[in-house]
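A.B. asks: pasted the sequence and its predicted model underneath.
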Amino acid sequence: MRVLGIETSCDETAVAAVEDGRWVRANLVSSQTHLHERFGGVVPEVASRAHVEAINPMIDLAMQEADMRIRDVDAVAVTVGPGLVGALLVGMAAAKAVAVALGIPFIGVNHLEGHIYANWLDHGPVDEPFVCFLVSGGHTMLVHVPEPFRYEVLGQTLDDAAGEAFDKIARFMGLGFPGGPALDALARKGNPAAIRFPRAMADSGDFDFSLSGLKTAVVRYLKAARGRGEDPRPEDVAASFQEAVVDVQVAKTIAAAEAKGVRTIVLGGGVVANSRLRELMTERAKEHDFELIIPPMSLCTDNGAMIACAGHHRLARGETTDLAVAATPGLALA
Ligand code: KG4
Ligand code: ZN
């Protein structure tokens, strides 16, 4: 069974073809970063327009890459939320059109579930129960998955998402947009112990996160240093900030897995591309004897293959989605 996966929830027009929920025949991502860069963030209206221009050529290109014709597609999966409503609508309209034209099943996928299922593509099916740490530009969330498609949210950020914090600090440091990858690269050359930034909610005893205090602390630190005529090494600031973020995330993920009595930890979302998060989580999971499953770098950030994969597994249970389904910007994981 060959599933076409379409993802347009934010600023990437992504189209993929995945066979049997496992084999990626094509996975193309057209990034709009260059359009949003000068605004320092994603402009929803600009994103929607760019999706409209890109979606049909991207579907054609994905078919070429997969060596398929559109009529070889057996089902269509598309992100229906969470995300920017105007951006979601473009992918959904395209997916519905393909489904109607070919008379094939249509399945709406939750973007966050897509990030979880990115793991199935590389590793193969992951056995429940597990605890998943979902960390992206829009979410920072610990989820217990006791059985397939059942999600118990254990905790989440009370303010900024981790990716958002990375992007904001990177912007303040003049590293461009989106700044997460640039900040990660800079941090690799710095000393993570140079500055002791606060570990927000490390001892809160729950599974929630807070990033805005840390963000303020970094900005204050830089302003104060500059006011004194000092120029702290950007590498050290980046490494110390990153360490403060990752430290709390790893500790809480391990604590959540212990609290739920699972043996497997799964990661998902764009920030999982962060080298220090991958490194420290691998280290701690090993110490505590957890099996850790992490998507390969190319499947961490938004892509169509993860949507096709999640859609495939829902279709395999006989689920389909009514074509009247609406785009839901705040769609919860349920
Ligand atoms: O999952 P994703 O592609 O989009 C959302 O669903 O939000 O995640 C994008 C986020 C951005 O904030 C980006 O800066 C961050 O992931 N990111 C990183 C790294 N690569 C991407 N953050 C830290 N380190 C990285 N290497
Ligand atoms: Zn995402």
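C.D. replies: Perfect, thanks for sending it. Numbers count the residues shown, from 1 in each chain. Ligands and ions are numbered 1, 2, ... in the order given.
A.B. asks: need the residues of the stretch 1-150 of the chain near ligand 1, please.
C.D. replies: 10, 136-138 (Cβ under 6 Å from any ligand atom). For every residue, glycine as well, the C-beta is placed using N, CA and C.
A.B. asks: try 5 Å this time
C.D. replies: 136-138 (Cβ under 5 Å from any ligand atom).
A.B. asks: which residues of the stretch 151-300 of the chain lie near ligand 1?
C.D. replies: 163, 166-167, 178, 180-181, 184, 269-271, 273-274.
A.B. asks: try 8 Å
C.D. replies: 161-164, 166-167, 170, 178-181, 183-185, 242, 269-271, 273-275, 277, 300 (Cβ under 8 Å from any ligand atom).
A.B. asks: tell me the buried residues within the residues you listed.
C.D. replies: 161-164, 166-167, 170, 178-181, 183-184, 242, 269-271, 273-274, 277, 300 (16 or more other Cβ atoms under 10 Å).
A.B. asks: near ligand 2, which residues of the stretch 201-334 of the chain show up?
C.D. replies: Residues of the stretch 201-334 of the chain lying close to ligand 2 by Cβ under 5 Å from the ion are residue 302.
A.B. asks: at 8 Å what do you get?
C.D. replies: 269-270, 301-302 (Cβ under 8 Å from the ion).
A.B. asks: mean confidence for stretch 73-84?
C.D. replies: On average, the pLDDT along stretch 73-84 is 98.
A.B. asks: how far out from the middle of the chain is it?
C.D. replies: 15 Å (Cα atoms, centre = their mean, to the nearest Å).
A.B. asks: how about it: buried residues?
C.D. replies: Quick answer for stretch 73-84 (16+ other Cβ under 10 Å): 73, 75-84.
A.B. asks: which ones among those map onto helices?
C.D. replies: Residues of these located in helices (DSSP state H): none.
A.B. asks: thinking again about what came up before, and the residues of the stretch 1-150 of the chain next to ligand 1, which of them are buried?
C.D. replies: Looks like those have 136-138 buried, using 16+ other Cβ under 10 Å.
A.B. asks: mind putting the residues you listed in a markdown table, pLDDT and secondary structure included?
C.D. replies: Shown next, in a markdown table, are those (pLDDT from 0 to 100; DSSP: H, G, I helix; E, B strand; the rest coil):
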| residue | pLDDT | secondary structure |
| --- | --- | --- |
| 136 | 97 | coil |
| 137 | 95 | coil |
| 138 | 95 | coil |
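A.B. asks: and of those residues, the nearest to residue 53?
C.D. replies: residue 137 (22.3 Å; Cβ to Cβ).
A.B. asks: tell me the first helix or strand C-terminal of the longest helix seen in the chain.
C.D. replies: The longest helix of the chain (DSSP H) is helix 234-260. Toward the C-terminus, helix 234-260 is succeeded by strand 264-268 as the next helix or strand (DSSP states H and E).
A.B. asks: check which helices and strands that next one is in contact with.
C.D. replies: Packed against strand 264-268 by the contact rule (3 or more Cβ pairs under 8 Å, 6 or more residues apart in numbering; DSSP states H and E) you find helix 111-123, strand 130-135, helix 234-260, helix 275-287, strand 291-293.
A.B. asks: if we can go back for a sec, what about ligand 2: which of the buried ones among the residues of the stretch 1-150 of the chain next to ligand 1 touch it?
C.D. replies: Okay, of these touching ligand 2 (Cβ under 8 Å from the ion), that's 136-138.
A.B. asks: now the stretch 1-150 of the chain against ligand 1: closest residue?
C.D. replies: residue 137 (2.8 Å; Cβ to the nearest ligand atom).
A.B. asks: doesn't residue 170 make contact with that residue?
C.D. replies: No. The pair residue 137 / residue 170 is not scored as a contact, 12.0 Å apart, by Cβ atoms under 8 Å.
A.B. asks: joint contacts of those two?
C.D. replies: Common contacts of residue 137 and residue 170 (Cβ atoms under 8 Å, 6 or more residues apart in numbering): 178, 180.
A.B. asks: wait, which of the residues of the stretch 201-334 of the chain next to ligand 2 is closest to residue 289?
C.D. replies: Nearest member of these to residue 289, counting by Cβ to Cβ, is residue 269, at 24.3 Å.
A.B. asks: I'd say the closest one and residue 113 touch.
C.D. replies: No. Counting by Cβ under 8 Å, residue 113 is not a contact partner of residue 269; they are 11.7 Å apart.
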